[in-house]
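Asks: Provided below are the primary sequence and the corresponding predicted coordinates.
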Amino acid sequence: MTSPAPDQLTPIRGVQPSFDDLGTPLRDVTFCVVDLETTGGAPGESGITEIGAVKVRSGEVVGEFQTLVNPSDPIPPFIAVLTGITNGMVASSPRIGSVLPAFLEFAQGCVMVAHNAPFDMGFLKHESLVHGYDWPDFTVVDTALLARRVITPDEAPNCKLGTLAKLFRATTTPNHRALSDARATVDVLHGLFERVGSLGVQTLEDLQTFSSRVAPAVRAKRHLAETLPHAPGVYLFTDDRGEVLYVGKSKDLRNRVRSYFTASETRSRIGEMIGIASGVRGIECGTSLEAEVRELRLIAEHKPRYNRRSKFPERQHWLKVTVEPFPRLSLVKQVRDDDAGYLGPFSSRKTAERAMAALHEAFPIRQCTARMSRHPQLSPCVLAEMGRCVAPCDGRISADSYGEFVTSLRTALTTDPTPVVEALDRRIDVLSADERFEDAAVHRDRLSAFVRSSARMQRMASVTGCAEICAARRTDDGGWELHVIRHGRLAAAGISPRGTDPRRYLDMLRASAETVLPGIGPVASASPEEIDLVLRWLDQPGIRLVEMDGTWTCPVSGAGRHLTRLDNSHSEDHHHPTERRRRLRPLGPARAS
């Protein structure tokens, strides 16, 4: 069977659910345009005297809300002159505590709009808090701020509501009364929509991130996203020579790529990348796991210079138990088919050295690098004099007796790390009792490095030892996500739609999946990062194992059981149960409704 290209999986096309409805077009948003009249400018020190609001959708008014409010305190004379609202007018009006429930019900599910929104929202939030009402997490659009980003000084001397109402020929003239000003703001909002629409702002998400702080050259590149689908997948930014600059993933390719050309993108290195980029390529994916795996593989393949987390397998480190008459621990960069014991991979040499120090604390094997015959006649080193090495160098211990320590060491690497844990715990207790806390912390870090690496390797080895695992998870619409995993590598991914037989789609996936042959070591068939992603997905609630060629199990006495007791543990590994054997579950038909 021919294998797919390195950065390809084998999805079933045409069966994944549609994501065309992702992103919210402005025509589908209901806006609540609100305006307040108050006795002053500071919430808590001033009160609300009037609320006016207009609810609009698709350019049409669908409702209005207006009420005077008794502010409890006298209205200052200059405010009465400005607004025309007098103490007599509000004397019999309801207080704000009675008005808020009706207003919140009117505005429910809307995007709030106001001219100088911090002022209006500040008063409404404050009064809600004072009167014990939960203020909803409204999305807020400020027409004053939006106007400052699109209106030039040649068009209008300022962005006051009255000025903008004249510019956009509003049908209502603002007069410092709440409902009239809200009606005028509606016309201003629609006028601004026409302006930003020509700049590519078509959705609520676009509107939220729109800003004139984006350089015109950057904003002009927004067309690069227009050919991408509203679908999950991976995107690749390229330059004019076709070199891949950056790889990312998203649940919505078009919306995510468009966000790079807005003010929401503030990373300087990404801004530099956007300036160089001349194209974007998208790869649709059927499932989120497929997208994550593709991203990893593409980063490893292209090594884009703007991906901070580009993976370089050549930088991985392993601890190796050498194969020689008197084995020792050695730091190496790859696993060989030499019957040696290995622990890893480690992302840094420093972490590997910490784990090595932990093993040396538990097992008095030699640390020197000299080559030894079965009957060496060398001078012992200072570690032998300190009792930290059994000193095979001067012949005081036979190769067979030394081999017993090596056997225990190999067992600690692959099955049961208890001797290492107990040795380091004793050392930490002694140092802590002597108040040598810094030294105790060093040993704690060594123990953590060893246990985490051992647990991770055992988990990876358990899944890479299975020739094939077929797993499924229900989708939100009643279908199935299907994955074929071979020796820890994602070989195929697809979706079985609602109302279809998932077994048929799974059989198709298995027949077309990538051929994966077993290799040497726990990460021979896939990168450690990919295996971690696969394991994380398999360990999610609701995952169903359908077919399995092999036995997926972890040792009862393995390193995973020690993770939960490590101080300051933030590793995901301790969340994964280790004392269990994975069981198969039948895959039922996808629900039709």
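Replies: Structure received.
Asks: Give me the below-cutoff pLDDT ranges for the stretch 101-250 of the chain.
Replies: 200, 209-217, 219 (pLDDT under 70).
Asks: got it, and the chain?
Replies: 1-23, 200, 209-217, 219, 263-266, 309-314, 554-593.
Asks: Give me the contact list for the helix or strand hosting Lys320.
Replies: Taking DSSP states H and E as the criterion, Lys320 maps to strand 317-321. Strand 317-321 is contacted from outside by 327-335, 340-349, 351-352, 355-356, 359, 406, 409-410, 413, using Cβ atoms under 8 Å, 6 or more residues apart in numbering. To be clear about C-beta, it is placed using only N, CA and C from the backbone, and glycine gets the same treatment.
Asks: For the one helix or strand Thr185 maps to, list every residue counted as buried.
Replies: Assigned by DSSP H and E, Thr185 belongs to helix 178-197. For helix 178-197, burial by neighbour count (16 or more other Cβ atoms under 10 Å) applies to 178-189, 191-193, 195-196.
Asks: Would you write a PyMOL line that selects the buried entries of the contacts of strand 317-321?
Replies: For the buried members of the contacts of strand 317-321, the matching PyMOL selection, counting by 16+ other Cβ under 10 Å, is:
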select buried, resi 327+328+329+332+335+340+341+342+343+344+345+346+351+352+355+356+359+406+409+410+413
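Asks: Among the contacts of strand 317-321, which are located in strands?
Replies: 329-332, 341-346 (DSSP state E).
Asks: between the residues you listed, which is nearest Arg222?
Replies: Pro345 (40.7 Å; Cβ to Cβ).
Asks: how about the nearest residue to that closest one, chain neighbours excluded?
Replies: Gln316 (4.0 Å; Cβ to Cβ, 6 or more residues apart in numbering).
Asks: Next up, the contacts around the one you found.
Replies: 333-334, 344-347, 528.
Asks: Pull up the gap between it and Val523, please.
Replies: Gln316 sits 8 Å away from Val523, going by Cβ to Cβ, to the nearest Å.
Asks: for Val321, same thing?
Replies: 18 Å.
Asks: which of the two has more neighbours?
Replies: Val523 (26 against 21; other Cβ atoms under 10 Å).
Asks: residues touching the more buried one, list them.
Replies: So Val523 contacts 335, 345, 460, 464, 488, 531 (Cβ under 8 Å, 6+ apart).
Asks: rerun at 10 Å
Replies: 313, 316, 318, 335, 344-345, 457, 460-461, 464, 487-489, 529-532 (Cβ atoms under 10 Å, 6 or more residues apart in numbering).
Asks: Give me the buried subset of these.
Replies: The neighbour count (16+ other Cβ under 10 Å) marks 316, 318, 335, 344-345, 457, 460-461, 464, 487-489, 529-532 as buried among those.
Asks: Just the ones of those in helices?
Replies: Among those, the members found in helices (DSSP state H) are 457, 460-461, 464, 529-532.
Asks: Spatially nearest residue to the residue of the chain most remote from its centre (excluding sequence neighbours)?
Replies: Centroid-distance maximum for the chain: Gln377 at 57.8 Å, with Cα atoms, centre = their mean. Spatial nearest neighbour of Gln377, chain neighbours left out: Gly395 (6.2 Å); criterion: Cβ to Cβ, 6+ apart.
Asks: same question, Thr39
Replies: Per Cβ to Cβ, 6+ apart, closest to Thr39 is Ser46, 4.5 Å.
Asks: how about Gly494, phi and psi?
Replies: Gly494 adopts backbone torsions of phi -170, psi 180, taken as degrees, to the nearest 10.
Asks: distance of Phe138 from Val34?
Replies: In terms of Cβ to Cβ, Phe138 sits 10 Å off from Val34.
Asks: any residues in contact with both of the two?
Replies: With Cβ under 10 Å, 6+ apart, Phe138 and Val34 have common neighbours 107, 110, 112-113, 117, 121, 124.
Asks: before we move on, back to that, what's the closest of the ones in strands among the contacts of strand 317-321 to Ala291?
Replies: Distances from Ala291 to the ones in strands among the contacts of strand 317-321, taken by Cβ to Cβ, are shortest for Pro345, at 23.8 Å.
Asks: Was I right to think the closest one contacts Gln334?
Replies: Yes - when contacts are counted by Cβ atoms under 10 Å, Pro345 is listed as touching Gln334 (9.4 Å).
Asks: follow-up on the earlier one: ok, of the ones in strands among the contacts of strand 317-321, which one's closest to Gly286?
Replies: Pro345 (29.3 Å).
Asks: that older thread, in terms of neighbours, single out the busier of Phe138 and Val34.
Replies: Val34 (30 against 20).
Asks: That one should be in a strand, yeah?
Replies: Yes - with DSSP: H, G, I helix; E, B strand; the rest coil as the criterion, Val34 is located in a strand.
Asks: Endpoints of stretch 229-238, how far apart?
Replies: 18 Å (Cα to Cα, to the nearest Å).
Asks: Can you point out the buried residues in stretch 25-38?
Replies: Neighbour-count burial for stretch 25-38 [16+ other Cβ under 10 Å]: 26, 29, 31-38.
Asks: brain fart, stretch 158-177
Replies: 159, 161, 163-165, 168, 170, 172, 174, 176-177.
Asks: Gln66: how many residues sit nearby?
Replies: Applying other Cβ under 10 Å, I find that Gln66 has 15 neighbouring residues.
Asks: quick one: contacts for it?
Replies: Gln66 neighbours (Cβ under 10 Å, 6+ apart): 35, 50-54, 177-180, 182.
Asks: and which of those is nearest Thr238?
Replies: Val54 (46.4 Å).
Asks: Could you say which helix or strand holds that closest one?
Replies: strand 48-57.
Asks: Skip ahead from that strand and say which helix or strand is next.
Replies: strand 60-68.
Asks: Which other helices and strands does the very next helix or strand once past that following strand contact?
Replies: Toward the C-terminus, strand 60-68 is succeeded by helix 77-83 as the next helix or strand (DSSP H and E). Secondary-structure packing of helix 77-83 (3 or more Cβ pairs under 10 Å, 6 or more residues apart in numbering; DSSP states H and E): strand 30-38, strand 48-57, helix 87-90.
Asks: looking at these, which is closest to Cys285?
Replies: strand 30-38 (32.8 Å).
Asks: Need the CA coordinates for the closest one. CSV is fine.
Replies: Only the C-alpha atoms of strand 30-38 are listed here, as CSV (Å, rounded to 0.1, in the frame of the first residue of the first chain):
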residue,chain,number,x,y,z
THR,A,30,-29.7,42.4,16.7
PHE,A,31,-28.3,45.7,18.0
CYS,A,32,-29.7,47.6,21.0
VAL,A,33,-28.7,51.2,20.5
VAL,A,34,-29.0,53.0,23.9
ASP,A,35,-28.7,56.5,25.2
LEU,A,36,-28.9,57.9,28.8
GLU,A,37,-29.6,61.3,30.2
THR,A,38,-28.1,61.8,33.7
